[in-house]
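Trainee: One predicted model, sequence on top.
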Amino acid sequence: MKNNSREKKSVFSFLKGFTYHKYFYEITLLLVLFVVSFIISLLTPYFLTTQNILNIFQQVSITAIVAFGMAFVIISQGIDLSVGAGIALVGIPVATIIIEGGGTPLSFVLGISSGIALGALIGLINGINIVYLKMAPFIATLAMMSIARGLALVYTQGQPIFGLPKSFIFIGNGFIGPIPFSVIIMLVVFGIAVWISEFTPFGRIVYAMGGNEEATRLAGINVKKYRIIIYMISGICVGIAGVIFTALLASAQPAAGDSFQFNSITGAIMGGVALFGGSGTMVGVLIGTILIGVVNNGQALMNIDPYMQYVVKGVIVLIAVTISGVRKE
């Protein structure tokens with residue numbers, strides 16, 4: 001009897017200790033992902049096919065890259081609503097330069113560099129407006145969303161830009177062995193995001209700002225400078241995502257990109273990034289984004305009414321925000 005009692009206590013102690021594990025939430029979310037995937041696989045035979053799994057990761061890769069940048073912003077107690085329109089705007093100079101340059105290696109370098117630089121510029125302007133003009137992040141990035149979308153539509157007159165070479169389209173549609181090239185780019189960005197957030201002084205400052213910005217400032221940290229850098233990181237992620245998205249569509253689409261705003265924020269929060277800042281991991285963001293992609297893919301395969309899909313997405317947002325609130329408490 002004593003042995004049984006000791007075993008029960010040891011099991012209870014293990015489970016209790018596990019709940020305090022650094023990655024407890026991420027592990028739990030991963031289990032949820034497997035359960036949801038299993039349920040969907042029972043409802044449709046097409047879900048677990050190799051082609052569909054690769055398709056999910058290919059679609060999720062772009063959203064995840066945006067979500068990594070969004071995570072830095074939210075962890076520091078900010079928000080960036082301009083990412084979707086930013087992706088559309090980034091595609092314009094990328095496509096224009098590459099097409100007019102004849103698809104040469106130099107045009108590739110200039111086109112891709114200009115897209116990423118434009119994303120960084122968008123982030124820089126957002127940061128300056130928030131830090132020096134004292135705009136609320138919601139208002140500043142909402143305004144940028146409208147400006148970026150308007151510039152993209154004005155320059156193209158609302159028309160897509162076609163004619164990109166196959167060598168560029170490979171970035172969004174090509175494979176290295178069985179793995180989509182866009183997924184490889186995502187994993188590289190993921191690795192960099194994990195390194196920055198968990199193993200650098202900058203990462204610790206981001207979390208400190210989200211926990212208590214005033215205390216961080218009183219500790220001698222130039223929070224204004226770091227706030228601008230954080231938004232520039234989000235902008236760079238938008239630039240990278242914009243390049244891949246343009247290659248995926250084989251064109252620059254000035255009216256596209258709105259879904260990335262919704263999915264990146266939802267994926268980050270679902271992945272454990274507290275809406276009020278100060279906590280969250282890039283590992284969780286990746287899992288949360290994949291979960292959103294799996295749910296969206298499953299709905300499409302099961303031919304769920306498109307209007308009902310909006311309802312499901314809304315429920316997911318409510319769940320994500322509720323989780324964020326519980327974690328804050």
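Mentor: Ah, there it is. Residues are numbered from 1 along each chain as shown.

Trainee: which residues of this protein score low on pLDDT?
Mentor: For the chain, applying pLDDT under 70 flags the ranges 1-22, 321, 323-329.

Trainee: could you redo the last one with a cut-off of 80?
Mentor: Applying pLDDT under 80 to the chain picks out residues 1-23, 313, 316-329.

Trainee: Please state the backbone phi and psi of the most centrally placed residue in it?
Mentor: By Cα atoms, centre = their mean, the chain has its centre lying nearest to residue 67, at 1.4 Å. As for residue 67, its main-chain torsions (degrees, to the nearest 10) stand at phi -70, psi -30.

Trainee: Was I right to think it contacts residue 264?
Mentor: Yes: taking Cβ atoms under 8 Å as the definition, residue 67 is a contact partner of residue 264 at 4.2 Å. C-betas here are computed from N, CA, C, even on glycine.

Trainee: what is in contact with these two at once?
Mentor: Common neighbours of residue 67 and residue 264 are listed as residue 289 (criterion: Cβ atoms under 8 Å, 6 or more residues apart in numbering).

Trainee: which residues touch residue 164?
Mentor: For residue 164, the contacting residues are 95, 98, 99, 103, 246, 247, 250, 251, by Cβ under 8 Å, 6+ apart.

Trainee: what's the answer for residue 170, then?
Mentor: For residue 170, the contact set (Cβ under 8 Å, 6+ apart) comprises 181, 247.

Trainee: roughly how far apart are it and residue 179?
Mentor: In this view, residue 170 and residue 179 are 13 Å apart by Cβ to Cβ, to the nearest Å.

Trainee: Distance check, residue 293 against residue 55.
Mentor: Applying Cβ to Cβ to residue 293 and residue 55 gives a distance of 10 Å.

Trainee: nope, residue 275 is what I was after
Mentor: Noted for residue 275: a distance of 30 Å to residue 55, by Cβ to Cβ.

Trainee: Neighbour count for those two, which is higher?
Mentor: residue 275 (18 against 14; other Cβ atoms under 10 Å).

Trainee: just checking, the more buried one touches residue 268?
Mentor: No: Residue 275 is not in contact with residue 268 according to Cβ under 8 Å; the separation is 9.1 Å.

Trainee: List the buried residues in whichever strand or helix holds residue 95.
Mentor: In this structure, residue 95 sits in helix 83-100 according to DSSP states H and E. By 16 or more other Cβ atoms under 10 Å, the buried positions in helix 83-100 come out as 83-99.

Trainee: go on, stretch 144-155?
Mentor: Applying a neighbour-count criterion of 16+ other Cβ under 10 Å, one finds 144, 145, 147, 148, 149, 152, 153, 155 buried in stretch 144-155.

Trainee: Name all residues that make contact with the first one.
Mentor: Read it as residue 144. Contacts for residue 144 (Cβ under 8 Å, 6+ apart) come out as 81, 82, 85, 86, 122, 125, 126, 129.
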